[in-house]
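> Sequence unavailable; structure follows:
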Ligand SMILES: Cc1cc2nc3c(=O)[nH]c(=O)nc-3n(C[C@H](O)[C@H](O)[C@H](O)COP(=O)(O)OP(=O)(O)OC[C@H]3O[C@@H](n4cnc5c(N)ncnc54)[C@H](O)[C@@H]3O)c2cc1C
């Protein structure tokens, strides 16, 4: 997509974003509003990346259909929506991260089942990887998928899983046997016996309604196992890694939207800046532009090669750091009682903190970035 088309796409997203700002504080107070009204505030079908067969009325930019099925299109639109309310973006129905696993692993039948369910009406999905005792480290994963006659049984607990308590369908990662190749992804219908998803109390990005999944002998049919027609090296962890690399630019654009919103708020609410404050604001304005360029480069890289997460990690480090810096400094710049006087700023401070953990902490991103650098991948990225 050309720069001109992306500029028009961004402007279109900005128009839709206005509706999300109106509901931002209400959704923060009561995340259940996501299922009762939020999806009616914006044309969610056009904004969540449904495939052409399930999206008869896509966004159109200069007459051309835009399905938001590339990372570049997604970061352009979602940053503008997050500038209004990042929690609402994450609370929209649709494929979210699980759609990427489906794209990489599902056979025709699974593909059809997943997308028919997701596009049928407002349907939430989830991506269940993180566990209470071992976090998102697959090496320690204890959720198991074990045979029981002709079927399988899924048992384990996942925590900090977005949208799970309101989801109809999701992807759960589980271990069939030891070792990295023993992890598989299964498509789980939340109505199955033994499945429970409970919302967790959270401070930031509350609209996402992080949840805990409790699964006890949930019956899984062989047809629910994603990638079963593929070799062992192209199954669970392979798809999870590609999903992280594709989704980190998206998380980065959401953090950037929060950073931009805090910048907008300070410049709108404060009159008369001292010279050192002006200098600070100028620096932020430049870094917002620079980070936007880095997020876009990371999105291009993810579209080109989802196996390479180097730029995605760089973008996440930058965008998360900037969101934390601008939101916390904005509190000081707006004086005592700022978080009380400006409830939206209070929300932005809390939301910004969540990005550090979402999709891997800064230290993990630095390790990925260092590996990419040592393998010469940053050089390739610059050339591209
Ligand atoms: C808003 C939000 C949404 C989320 N959504 C989902 C979801 O939908 N599905 C899901 O499965 N999970 C989800 N998560 C969970 C999230 O993916 C994990 O919490 C995150 O990846 C961090 O992993 P961890 O908990 O294993 O922490 P760890 O990676 O263990 O990190 C713990 C601490 O140790 C440090 N650390 C770890 N390894 C190293 C190292 N090698 N060197 C130096 N320091 C290190 C980290 O920097 C951190 O400070 C979400 C979390 C949040 C906050």
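That came through fine. Please read these numbers as outputs of a predicted model, since none were measured by experiment.
> From now on I want contacts and neighbour counts done on CA atoms only, so please keep to that.
Noted.
> quick one: average pLDDT of stretch 290-301?
For stretch 290-301, mean pLDDT is 97.
> any chance you could map the strands in this protein?
Per DSSP state E, the chain has strands spanning 59-61, 64-66, 124-128, 144-148, 151-161, 167-175, 183-189, 195-199, 211-220, 225-226. These are given in chain order.
> Pick the most buried one from those strands.
Counting by mean count of other C-alpha atoms under 10 Å, strand 124-128 has the highest mean neighbour count of the strands of the chain, with a mean of 27.
> Say whether the ligand is contacted by that strand.
Yes: residues of strand 124-128 contacting the ligand under C-alpha under 6 Å from any ligand atom: 127-128.
> Now do that strand against strand 167-175, angle only.
10 degrees (axes from the mean of the first three to the mean of the last three C-alpha atoms, to 10 degrees).
> can you offset everything so residue one is 48?
Got it, the first residue is 48 from now on, which makes the last one we talked about strand 171-175.
> tilt between strand 171-175 and strand 258-267?
Going by the same axes, to 10 degrees, strand 171-175 makes 90 degrees with strand 258-267.
> Tell me the helices and strands packed up against strand 171-175.
Applying 3 or more C-alpha pairs under 8 Å, 6 or more residues apart in numbering; DSSP states H and E, one finds that strand 171-175 makes contact with helix 145-152, strand 198-208, strand 214-222.
> Just the mean pLDDT for the second one, thanks.
Which is strand 198-208. Strand 198-208 carries an average pLDDT of 97.
> Name the surrounding residues that touch it.
Residues from elsewhere that reach strand 198-208 (C-alpha atoms under 8 Å, 6 or more residues apart in numbering): 173-179, 189-194, 221, 247, 257-269.
> mind redoing it with 6 Å?
Residues from elsewhere that reach strand 198-208 (C-alpha atoms under 6 Å, 6 or more residues apart in numbering): 175, 177-179, 190-193, 257-268.
> and what of stretch 56-66?
Here stretch 56-66 has contacts from 88, 123-124, 127-128, 131, using C-alpha under 6 Å, 6+ apart.
> distance of residue 161 from residue 149?
Residue 161 sits 8 Å away from residue 149, going by C-alpha to C-alpha, to the nearest Å.
> Next to the ligand, which bits of the stretch 198-347 of the chain? Give me the list.
Contact residues, the stretch 198-347 of the chain versus the ligand (C-alpha under 6 Å from any ligand atom): 207-209.
> Backbone torsions only: list them for residue 317.
Phi and psi for residue 317, reported as degrees, to the nearest 10, are phi -100, psi 140.
> number of nearby residues for it?
Other residues near residue 317 come to 11 when the count uses other C-alpha atoms under 10 Å.
> Name the nearest residue to it, ignoring sequence neighbours.
Once flanking residues are discounted, residue 317 sits nearest to residue 381: 6.8 Å by C-alpha to C-alpha, 6 or more residues apart in numbering.
> Residue 334 versus that neighbour, what's the distance?
Counting by C-alpha to C-alpha, the gap from residue 381 to residue 334 is 21 Å.
> Let's have the helices and strands packed on strand 171-175 in TSV, adding distance to residue 275.
Output for the helices and strands packed on strand 171-175, formatted as TSV (distance: least, C-alpha to C-alpha, whole Å):
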stretch	distance to residue 275
helix 145-152	8
strand 198-208	13
strand 214-222	13
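> who's in contact with residue 161?
Under the criterion of C-alpha under 6 Å, 6+ apart, residue 161 has no neighbours.
> What separation do you get for it and residue 221?
19 Å.
> one step back: of the contacts of stretch 56-66, just say which sits nearest to residue 167.
The nearest member of those to residue 167, counting by C-alpha to C-alpha, is residue 88 at 18.0 Å.
> what sits against the closest one?
residue 66.
> Retrieve the pLDDT associated with it.
At residue 88, the model reports a pLDDT of 86.
> circling back to that earlier point, between the residues of the stretch 198-347 of the chain next to the ligand, which is closest to residue 287?
The closest of those to residue 287 turns out to be residue 208 (C-alpha to C-alpha; 14.3 Å).
> Specify the beta-bridge partners of the closest one.
Beta-bridge partners recorded for residue 208 (DSSP bridges): residue 258.
> What is the burial count for residue 55?
Should you count by other C-alpha under 10 Å, residue 55 turns out to have 15 residues around it.
> right, I mislabeled it, should have said residue 160
13.
> cool, the one 3 residues further on as well?
Under the neighbour criterion other C-alpha under 10 Å, residue 163 is assigned a count of 13.
> could you pull out the helices for the stretch 248-397 of the chain?
Using DSSP state H, counting those that start in this stretch, the helices of the stretch 248-397 of the chain run over 283-316, 322-351, 357-380, 385-388, 390-404.
> check contacts around residue 244.
By C-alpha under 6 Å, 6+ apart, the contact set of residue 244 is 212, 259-260.
> Spatially central residue for the chain, please.
residue 298 (5.1 Å; C-alpha atoms, centre = their mean).
> contacting residues around it?
Neighbouring residues of residue 298 by C-alpha under 6 Å, 6+ apart: there are none.
> Phi, psi for the nearest residue to residue 291 once chain neighbours are set aside please.
The shortest distance from residue 291 to any non-neighbouring residue, by C-alpha to C-alpha, 6+ apart, is to residue 406 (6.6 Å). Backbone dihedrals for residue 406, given as degrees, to the nearest 10, come out at phi 60, psi 30.
> State the pLDDT value of residue 406.
pLDDT, residue 406: 92.
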